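Engineer: Just a sequence and a predicted model for now, questions to come.
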Amino acid sequence: MTADPLPTGSTIGILGGGQLGRMLCAAASRLGMRTHVLADGPDPPAGQLANRVSISCYNDLEILRRFAKSVDVATYEFENIPASTIDTVAGFCQVRPGRSALVASQDRLVEKSFLRDIGVDVAPFVGIENRSELLDAAKAIGFPAILKSRRLGYDGKGQARLRTVHDVERAMNAVGNKPAILEQHVAFDLEISVIGARAVRGSKVCYNPGENVHENGILRTTRVPARISNEIENRAVSISETIMDMLDYVGVIGVEFFVSGEELLVNEFAPRVHNSGHWTQNGCAIDQFEQHIRAICNWPLGDARRHADVTMVNIIGKEVTTVQELARKSDHAIHLYGKSEARPGRKMGHVNKISPTSGG
Ligand code: ATP
Ligand code: MG
């Protein structure tokens, strides 16, 4: 099954129905592939583009079996799919990326421990189960520090900052009194991320790192080129490649870093296409979505070189009402996700502001 590229007309199964799945469906369609999306809520953004949609929770065994039998390869567009779901699907078809990447990224303590064990620098951290452990951990790590729930965090949710020992109780409540990880607060100069891809046979490509700015825990902008030295860029790429190799990874990954001076720390990785890689849609010949489809279908990876400077800006909540103003700007490429309800903090789309680079 790993030997031959999947032929055009094959069906790709996508677990998860959000905007990442939607853009994967578009890329798959460009390559003549069909898509079957399995999502757990009504009217998933990906469902508007998929050839077939199943709506179900992720642990209905019968539906999972039917889904898996209907596809030639399966992937996931968010990392909180239960591992048991992957196991069921993997009984019938290849799941790429595989289980180990999913499991490592679902739990911040497992993720940070994995990174440290393979020799990647991360901020000092301690896993904690309860308030008294948090107090001890805070004394060991020092202040300021950040408490994060081990599981199910995204867009900065399930996190609390601690400035003094008096913040322990509030922080513990903020993470729902669940198992958590305490990290030293990193006084970074900037945040970057590398979008990389690894093929079935182990070849790899990485895009130029993007420079990310978050607001209220949500990604606001990514710009390329990032304002970093070649040395930092090369190290970030090399670390991302190591992570992919150690996970025997297949597909696109997003690796987030903190940069402080010449120090480079990994914050986390996402075993999927990534919001900070949306700039590739208008900055590269082969974007991260097509790259992922190519990788999981055992096609050759595409060129990841950048032909434009791009600033990607997320369109969040009610900002979507400004889209006609954005459309008047000729260098703004607009990508909307087909979501009807513009709730506060909800990612509704993004815009890529493009200026072509002069040379090769
Ligand atoms: P996302 O879904 O946006 O990736 P997340 O909920 O998975 O977010 P993180 O990426 O761990 O959470 O944290 C969100 C942001 O909070 C980071 O991008 C960074 O700006 C800030 N942050 C997280 N950990 C630290 C830290 N140890 N030191 C300083 N800032 C941090
Ligand atoms: Mg993050």
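Structural biologist: Arrived safely. Ligands and ions are numbered 1, 2, ... in the order given.

Engineer: Strands along the stretch 201-350 of the chain, start to end?
Structural biologist: For the stretch 201-350 of the chain, the strands defined by DSSP state E, counting those that start in this stretch cover 204-206, 210-215, 218-224, 251-260, 263-270, 308-316, 332-336, 347-356.

Engineer: before we move on, what about the stretch 51-200 of the chain?
Structural biologist: 52-55, 73-76, 94-95, 125-128, 145-149, 159-162, 180-184, 190-198.

Engineer: partners of the shortest one, with directions?
Structural biologist: To tie it back to what came earlier, the one meant is strand 94-95. Strand 94-95 sits in its sheet next to strand 73-76 (parallel), going by DSSP bridges.

Engineer: hmm, who's touching the strand it pairs with?
Structural biologist: Contacts to strand 73-76, defined as Cβ atoms under 8 Å, 6 or more residues apart in numbering, come from residues 6, 10, 12-16, 24, 67-68, 86, 89-90, 93-97, 102, 251, 271-272, 292, 296-297. Glycine gets a C-beta too; all of them are placed from N, C-alpha and C.

Engineer: again, only using 7 Å
Structural biologist: The contact list for strand 73-76 (Cβ atoms under 7 Å, 6 or more residues apart in numbering) reads 6, 12-16, 68, 89, 93-96, 102, 251, 272, 296-297.

Engineer: Spell out which residues of the chain are next to ligand 1.
Structural biologist: Counting by Cβ under 6 Å from any ligand atom, the chain comes close to ligand 1 at 123, 146, 153-157, 183, 185-186, 191, 214, 217, 219, 256, 267-268.

Engineer: related to what we said a few turns ago, of the strands of the stretch 201-350 of the chain, which stretch is the most buried?
Structural biologist: Highest mean neighbour count among the strands of the stretch 201-350 of the chain (mean count of other Cβ atoms under 10 Å): strand 251-260, with a mean of 24.

Engineer: Packing partners of that strand?
Structural biologist: Helices and strands touching strand 251-260, by 3 or more Cβ pairs under 7 Å, 6 or more residues apart in numbering; DSSP states H and E, are strand 190-198, helix 230-246, strand 263-270, helix 288-296.

Engineer: would JSON lines of these with mean pLDDT be doable?
Structural biologist: Output for these, formatted as JSON lines (pLDDT from 0 to 100):
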{"stretch": "strand 190-198", "mean pLDDT": "98"}
{"stretch": "helix 230-246", "mean pLDDT": "98"}
{"stretch": "strand 263-270", "mean pLDDT": "97"}
{"stretch": "helix 288-296", "mean pLDDT": "98"}
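
Engineer: of these, which approaches G127 most closely?
Structural biologist: Of all the helices and strands packed on strand 251-260, strand 263-270 sits nearest to G127, with 14.9 Å by Cβ to Cβ.

Engineer: hey, C-alpha coordinates of the closest one in PDB?
Structural biologist: Extracted as PDB, the C-alpha positions of strand 263-270 are listed here (Å, rounded to 0.1, in the frame of the first residue of the first chain):
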ATOM      1  CA  GLU A 263      18.100  31.000  21.600                       C
ATOM      2  CA  LEU A 264      15.400  28.900  19.900                       C
ATOM      3  CA  LEU A 265      12.800  27.000  21.900                       C
ATOM      4  CA  VAL A 266      10.000  24.800  20.600                       C
ATOM      5  CA  ASN A 267       6.600  25.800  22.000                       C
ATOM      6  CA  GLU A 268       4.500  23.000  20.400                       C
ATOM      7  CA  PHE A 269       3.800  21.200  17.200                       C
ATOM      8  CA  ALA A 270       0.600  20.500  15.400                       C
END
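
Engineer: Contacts for that strand, please.
Structural biologist: Strand 263-270 has contacts (Cβ under 7 Å, 6+ apart) with 79, 105, 111, 115, 120-123, 186, 232, 235-236, 239, 243, 253-258.

Engineer: Can you tell me the strand partners of it and which way each runs?
Structural biologist: Note on strand 263-270: by DSSP bridges, its sheet partners are strand 251-260 (antiparallel).

Engineer: I'd like to check the angle between the strand it pairs with and strand 190-198, please.
Structural biologist: Relative orientation of strand 251-260 and strand 190-198, computed by axes from the mean of the first three to the mean of the last three Cα atoms, to 10 degrees: 160 degrees.
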